[in-house]
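Student: Provided below for reference: sequence and predicted model.
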Amino acid sequence: MAGNMSDVIDPIKLLTDKGERKEPFLKPYFNPLVCSILGFGCAIFVNYGFRKPAFSGIQTHLLFSAIGGGLGYYFDNSRNEYFAKRDAVLKHYIELHPDDFPPMVRQKYADVLERWVPIR
């Protein structure tokens, strides 16, 4: 069953079009927040290792939390840069080799899967 033009998928459009999907609300804050909490926990662990009370030297807790938040922010940005660079390389390769990536016809599961009849 041949589809109409709306059923044809362009490979370049798959990489560039993000559709109507919105970025989750907590996405820019999640990694820095988690790394800050881990930094705070690391400060508690250091105090435990030196046989001190868990919350003594609160300045070290604040310092470790700030360092953890900075590392989380850095990891988030470096991951975003990596994925942006990877997508740009893939898009460029597809643009240079259009014969290797012909437009695909969208298929439904009903067309791909065989009919299943239970045997009892």
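Tutor: Right, received. Where do you want to start? If you're wondering where the values come from, they're calculated on a predicted model, not measured in any experiment. Numbering: from 1, shown residues only.
Student: CA only for contacts and neighbour counts going forward, please
Tutor: Noted.
Student: pLDDT score for the nearest residue to Asp10 once chain neighbours are set aside?
Tutor: Leaving aside its sequence neighbours, Asp10 sits nearest to Pro103 (CA to CA, 6 or more residues apart in numbering; 4.9 Å). Note on Pro103: pLDDT of 86.
Student: I'd say Pro103 and Pro11 touch.
Tutor: Yes - applying CA atoms under 8 Å, one finds Pro103 in contact with Pro11, separated by 6.4 Å.
Student: how much space between the residue nearest to Asp10 and Thr16?
Tutor: If you measure Pro103 against Thr16 using CA to CA, to the nearest Å, the figure is 15 Å.
Student: if we can go back for a sec, ok, the residue nearest to Asp10 to Ile12 distance?
Tutor: Distance from Pro103 to Ile12, counting by CA to CA: 9 Å.
Student: ok, Gly49 next?
Tutor: Gly49 is 54 Å from Ile12, by CA to CA.
Student: neighbour-wise, which of these two wins?
Tutor: Applying other CA atoms under 10 Å to Gly49 and Ile12 shows that Ile12 carries more neighbours, namely 16 against 10.
Student: contacting residues for Arg21?
Tutor: By CA atoms under 8 Å, 6 or more residues apart in numbering, the contact set of Arg21 is empty.
Student: just the CA coordinates of the helix or strand hosting Leu33, formatted as PDB?
Tutor: Secondary structure from DSSP states H and E places Leu33 in helix 27-49. Only the C-alpha atoms of helix 27-49 are listed here, as PDB (Å, rounded to 0.1, in the frame of the first residue of the first chain):
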ATOM      1  CA  LYS A  27      15.600  19.800  32.900                       C
ATOM      2  CA  PRO A  28      18.100  22.700  33.300                       C
ATOM      3  CA  TYR A  29      18.000  22.400  37.100                       C
ATOM      4  CA  PHE A  30      18.100  18.600  37.700                       C
ATOM      5  CA  ASN A  31      21.800  17.800  37.200                       C
ATOM      6  CA  PRO A  32      23.100  20.800  39.200                       C
ATOM      7  CA  LEU A  33      20.600  20.100  42.000                       C
ATOM      8  CA  VAL A  34      21.500  16.400  42.200                       C
ATOM      9  CA  CYS A  35      25.200  17.200  42.100                       C
ATOM     10  CA  SER A  36      24.800  19.800  44.900                       C
ATOM     11  CA  ILE A  37      23.000  17.200  47.000                       C
ATOM     12  CA  LEU A  38      25.800  14.700  46.300                       C
ATOM     13  CA  GLY A  39      28.400  17.400  47.300                       C
ATOM     14  CA  PHE A  40      26.500  18.000  50.600                       C
ATOM     15  CA  GLY A  41      26.500  14.200  51.200                       C
ATOM     16  CA  CYS A  42      30.200  14.100  50.400                       C
ATOM     17  CA  ALA A  43      30.900  16.700  53.100                       C
ATOM     18  CA  ILE A  44      28.900  14.600  55.600                       C
ATOM     19  CA  PHE A  45      30.900  11.600  54.600                       C
ATOM     20  CA  VAL A  46      34.200  13.400  55.000                       C
ATOM     21  CA  ASN A  47      33.100  14.500  58.500                       C
ATOM     22  CA  TYR A  48      32.200  10.900  59.300                       C
ATOM     23  CA  GLY A  49      35.700   9.800  58.100                       C
END
